[in-house]
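Participant: Sequence and predicted structure below; questions after.
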Amino acid sequence: MLATVLPCVAFAEPLALDWDAPGGCPDEDDVEALVAQRLGEHSTTSTSRLSASGRVTRTPTGFLLTLSTPTGERRLESARCDELAQSAAVILALLIDPHALPQTPSAAAAASEVPEPEPAAPEVAQPSATYTRPLVLHGSLRAELVGDAGLLPRVSLGPGVAGGVVLNRTTLEISGTYLPGQDVRAEAGYDVGDLRAFIGRLGACQALLARPSLGPCGFVEYTRLSGRGDAGLDTSRRVDATVWSLLAAARLGGELGPSLGFLLEVGVAFPLEGASFRVGSGDAARSVHQTGAVLGRARAGIELRF
C-alpha cells in the first residue's frame, strides 16, 4: 500500500496588532482588514509576522495616532480618525512586505502617461501700488521787521512786506524792505549827509521739518542805496548805488491759528560788489562809508495764509 503524504503548510497571520481608539473610530478588526486589503494575495503567502501597537487619542484639532513598530515610533495627526487608520494600514502593510502594494492599472497608466504641460500664460505686469503725496498749494502775505548789519553805517531796523506761494514744503517768495536813513558822519564827527536803503529779494525756502517748519533758504537781493548831503555825498560821482548780493538763511515758522503764522529768519548776505560813499571831490574826496563784505540779516514776521 502506497501512502501519499501531502505536506501541510500553515500560514501564520502576518500581523499581531494591539489597537486602541475612541468610540466611533475604526477598531482593531477594521485596521487589520485594511492591512489585508493592502497586502492582497500577499496576506496569505507572507511568512513574516509583524507585531505593532497603535493608540488613537483626541486632540483639540482632531486625533493623534501613536504607532509603535519594530522600526520605531511614529506620530500622525489628522482631523479624522479614519484617515489615521488608513495611514496606519499603509505603513503596516509596507513593513510586512515592501512589494505588497502593486500599482493599479490606472495608477500605472497615470504614471506612464504624463501629460505635456500647457504653455504658461504670459505674465502681465501688475502695476505696483505707490503712494503719491498730494499737492498742497497756498499763498501767503507777511508783514515783517527786518534788521541789517553792514549795509548802512550802523545796525538798522526797517519794515518789510513779503508774498509767496507754498507748494507742499517749498516756498517761492518775493519781498521788499525799507531801511530808514542814517546820518553819515565825517572823521571830525559832524554830519555830512544821510544814507537809506531799499532791499528787494527773490528766492526759495525748503522746509526740512513740517511742524514747526524749519529749513534753509536762498535769495538773490537787489539793494538800492540812496545818499544825499550838502557836502556832495556821492558814490563815484553818483548819489545812488546798486548792490547785488547772494543771501543764505535759516528759517523757522509756526502756527498761530488756522490761517495765521509766524516766521523767524537769520542769514548772511554776500555782496557781489560793494559801494563806497565819499564827501568832497577830486583829490580832496574822502570815504565816509563802505558797505561790508559780509552783511548780517534777521527778520521776524506775522504771516497770513490763504
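Facilitator: Nice, thanks for sending it over.
Participant: Moving C-terminal from the worst-scoring helix or strand of the chain on mean pLDDT, which element do we reach first?
Facilitator: Lowest on mean pLDDT, DSSP states H and E among the helices and strands of the chain sits helix 105-112, with a mean of 39. For helix 105-112, the following helix or strand on the C-terminal side (DSSP states H and E) is strand 137-149.
Participant: where exactly do the strands run in this structure?
Facilitator: 15-20, 50-59, 62-69, 72-78, 137-149, 156-167, 170-185, 191-206, 213-228, 240-255, 260-271, 276-279, 286-290, 295-305 (DSSP state E).
Participant: Can you lay out those strands as CSV showing mean neighbour count and distance to Val31?
Facilitator: Bear in mind the C-beta positions are built from the backbone N, C-alpha and C, glycine included. Output for the strands of the chain, formatted as CSV (neighbours: other C-beta atoms under 10 Å; distance: least, C-beta to C-beta, whole Å):
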stretch, mean neighbour count, distance to Val31
strand 15-20, 16, 5
strand 50-59, 16, 7
strand 62-69, 17, 10
strand 72-78, 12, 13
strand 137-149, 16, 78
strand 156-167, 16, 78
strand 170-185, 17, 78
strand 191-206, 19, 78
strand 213-228, 18, 78
strand 240-255, 17, 79
strand 260-271, 17, 83
strand 276-279, 20, 113
strand 286-290, 16, 110
strand 295-305, 18, 83
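Participant: pLDDT below threshold where in the stretch 151-300 of the chain?
Facilitator: For the stretch 151-300 of the chain, residues meeting the criterion pLDDT under 70 lie at 186-192, 229-239, 279-285.
Participant: didn't Ser245 look like it was pressed against Glu221?
Facilitator: Yes - counting by C-beta atoms under 8 Å, Glu221 is a contact partner of Ser245 at 4.3 Å.
Participant: what sits in contact with each of these two?
Facilitator: Here Ser245 and Glu221 have Ala269 as joint contacts, going by C-beta atoms under 8 Å, 6 or more residues apart in numbering.
Participant: want to throw the strands of the chain into TSV with distance to Ala88?
Facilitator: Listed next are those as TSV, based on distance: least, C-beta to C-beta, whole Å:
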stretch	distance to Ala88
strand 15-20	8
strand 50-59	5
strand 62-69	6
strand 72-78	8
strand 137-149	74
strand 156-167	73
strand 170-185	73
strand 191-206	73
strand 213-228	73
strand 240-255	74
strand 260-271	78
strand 276-279	107
strand 286-290	105
strand 295-305	78
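Participant: what's the closest of the ones you listed to Asp27?
Facilitator: Closest approach to Asp27 among the strands of the chain is made by strand 15-20 (6.6 Å; C-beta to C-beta).
Participant: Name the residues that touch that closest one?
Facilitator: Strand 15-20 has contacts (C-beta under 8 Å, 6+ apart) with 27-28, 31-32, 35, 49-56, 92, 96.
Participant: just stretch 138-151 next, same as before
Facilitator: For stretch 138-151, the surrounding residues in contact (C-beta under 8 Å, 6+ apart) are 155-166, 171, 175, 177, 179, 197, 199, 223, 225, 243, 261, 263, 291-292, 294-306.
Participant: let's see 7 Å
Facilitator: 155-166, 177, 179, 197, 223, 263, 291-292, 294-306 (C-beta atoms under 7 Å, 6 or more residues apart in numbering).
Participant: I'd like the distance between the closest residue to Val266 other than its chain neighbours and Gly267.
Facilitator: Ranked by C-beta to C-beta, 6 or more residues apart in numbering and with sequence neighbours excluded, the top spatial neighbour of Val266 is Ala298, at 4.9 Å. Going from Ala298 to Gly267 by C-beta to C-beta, to the nearest Å gives 8 Å.
Participant: and the longest helix along the chain, what does it pack onto?
Facilitator: Counting by DSSP state H, the longest helix found in the chain is helix 81-96. Counting contacts by 3 or more C-beta pairs under 7 Å, 6 or more residues apart in numbering; DSSP states H and E, helix 81-96 is packed against helix 28-39, strand 50-59, strand 62-69, strand 72-78.
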